[in-house]
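Q: Quick one, what's the 3D model for this:
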Amino acid sequence: MGASKAAKTFEVIIVCRIIIGICAGLSSNVVPMYLGEMSPKNLRGAVGVVPQLFITIGILTAQILGMRMILGSSDGWPVLLGLTGVPAALQLLLLPFFPESPRYLLIQKGDEEGAKAALKKLRGWDDVEDEMEEMRQEDLAEKAEGRMSVITLFTYRGLRWQLISIIVMMMGQQLSGVNAVYYYADRIYENAGVAKDQVQFVTAGTGAVNVVMTMLAVLIVEALGRRILLLLGFGICCVSCAVLTLALNLKTIEWMPYLSIACVICYVIGHAIGASPIPSVMIIEMFLQSSRPAAFMVGGSVHWLSNFTVGLVFSYMEEGLGPYCFLIFCGICLATVIYIFLIVPETKNKTFMEINQIMAKRNGIEVEANKEELKDFTEDSVPYSKKVEANSTL
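A: Purely as a prediction, here's the structure:
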């Protein structure tokens, strides 16, 4: 893409953007899943929010580099597009040194020694037996489910409410209008009296608020819990959209444009602390190893389809409804808040098995843990991988 201007070809940009889109679609699902699988339960929420933190840092970096006096010019844009390759090159250099997910090694590959070595490398100490035991329990529970495909996930009664929950949260995340608010923000700033050549600085300031609040979410998610942040985040977005509609309709009043700016900033804060980062954390925690990849496929598909839908229809909504289009986003945020309040449990500081048992009750399915079998798992001198092999033979 960096060479496209010199080569005088726009087709290269189109093809490269498609390739980058494939990469973004894969990494937006695989990265949080990988981090969630290798995190200890007391840090799983914080680590799960970190990908969203770096997404906001990337957005802010692009906003700064895209300013007209830096690279947002007719001469600078090829360099701006070419810089996309820098983080990709860093990943190619560093990823070979990362350990494989211990859960993947133990549960899906049956490699106990490999899983234990990966855990020791990640934790920095040798005593990892407690976490190994938790993964063994998860493996036992998963033998009843088997490997889950997307089709099986949609038809399996034991995961019905988990599936509905991630679809609702992912749709709420994007259909709440975050991209529409960013799209409308420049106009709001101009109506408030910000000079047109200064709007880019205010936009970058909004991006900085997004980064700071997402960083705050990393710090407080383990203290307040996922459910509280989801309710708080979508609730703030709901109120912000309602007040923004009022402010845009009464913009002839002298101070209303400033209220509009405050609503945009409040909306960004609400999305940053809950609506943006937490749904992917919930996908990690509400599904076991066998069904988690399929759940991320469903969640990721809903995320990007909803994103595409808002981008496609918002201009028509704005043309037909004007400022009242934000009432639609307000309603979606409110519906998501009600659903989370009634259905979604708190998952803070719980193992995957404990969360699975909570959701099993909602699905009307009994999960029975055979304690003697689990006890034998650790006390028996037979290695775990051999035991799996023996059980398979029987």
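Q: Ala88 contacts Cys23, doesn't it?
A: Yes - at 7.5 Å, Ala88 counts as touching Cys23 under the criterion of Cβ atoms under 8 Å. The way it works is simple: take the backbone N, C-alpha and C, and place the C-beta from them, glycine included.
Q: tell me how far the longest helix along the chain is from the chain's mean position?
A: Assignment by DSSP state H gives helix 292-321 as the longest helix of the chain. Here helix 292-321 is found 14 Å from its chain centre; the criterion is Cα atoms, centre = their mean, to the nearest Å.
Q: what does the next helix-or-strand element following that helix contact?
A: Where DSSP states H and E defines the elements, the next helix or strand beyond helix 292-321 is helix 325-343. Helix 325-343 is contacted by residues 161, 164-165, 168-169, 171-172, 175-177, 180-181, 227, 230-231, 234-235, 237-238, 241-242, 244-245, 248, 275, 314, 317-318, 321, 362 when judged by Cβ atoms under 8 Å, 6 or more residues apart in numbering.
Q: Show me the shaky parts of this protein.
A: 143-147, 366-394 (pLDDT under 70).
Q: Just the strands from the protein, written as ranges.
A: With strands called from DSSP state E, the chain shows none.
Q: Now the most centrally placed residue in it: closest residue in space that isn't a chain neighbour?
A: Nearest to the geometric centre of the chain sits Ser280, at 3.6 Å (Cα atoms, centre = their mean). Of all residues not flanking Ser280 in the chain, Pro32 sits nearest, at 4.4 Å (Cβ to Cβ, 6 or more residues apart in numbering).
Q: residues contacting the one you found?
A: With Cβ under 8 Å, 6+ apart, Pro32 has these contacts: Gly48, Pro51, Ser280, Val281, Ile283, Ile284, Phe296.
Q: Try it again at 10 Å.
A: 47-52, 277, 279-281, 283-284, 296, 299-300 (Cβ atoms under 10 Å, 6 or more residues apart in numbering).
Q: Tell me which two in those residues are the farthest apart.
A: Distance extremes for the contacts of Pro32: the farthest pair is Val47 and Gly300 at 18.7 Å, using Cβ to Cβ.
Q: if you look at the contacts of Pro32, which of them are in helices?
A: Those of the contacts of Pro32 mapping onto helices are 47-52, 279-281, 283-284, 296, 299-300, per DSSP H.
Q: quick check, nearest of those residues to Gln200?
A: Nearest member of these to Gln200, counting by Cβ to Cβ, is Gln52, at 23.6 Å.
Q: got a list of what that closest one touches?
A: Contacts of Gln52 (Cβ under 10 Å, 6+ apart): 28, 32, 210, 214, 217-218, 272, 276-281.
Q: make it 6 Å
A: Gln52 makes contact with Thr214, Ser276, Pro277, according to Cβ atoms under 6 Å, 6 or more residues apart in numbering.
Q: I would like a ChimeraX command selecting only the buried ones among the residues you listed, please.
A: Selection of the buried residues among the contacts of Gln52 in ChimeraX, burial being defined by 16 or more other Cβ atoms under 10 Å:
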select :214,276,277
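Q: which residue packs closest to Arg44, ignoring adjacent ones?
A: Nearest one to Arg44, counting by Cβ to Cβ, 6+ apart, is Gly36 at 6.0 Å.
Q: How many residues are close by that neighbour?
A: Gly36 is flanked by 24 other residues according to other Cβ atoms under 10 Å.
Q: who's in contact with it?
A: Applying Cβ under 6 Å, 6+ apart to Gly36 gives the contacts Arg44, Gly48, Ile284.
Q: quick one: it from Val128, how far?
A: Using Cβ to Cβ, to the nearest Å, Gly36 is found at 17 Å from Val128.
Q: re earlier: including distance to Ala195, could the contacts of Gln52 go into CSV?
A: Formatted as CSV, the contacts of Gln52 follow (distance: Cβ to Cβ, whole Å):
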residue, distance to Ala195
Thr214, 29
Ser276, 30
Pro277, 33
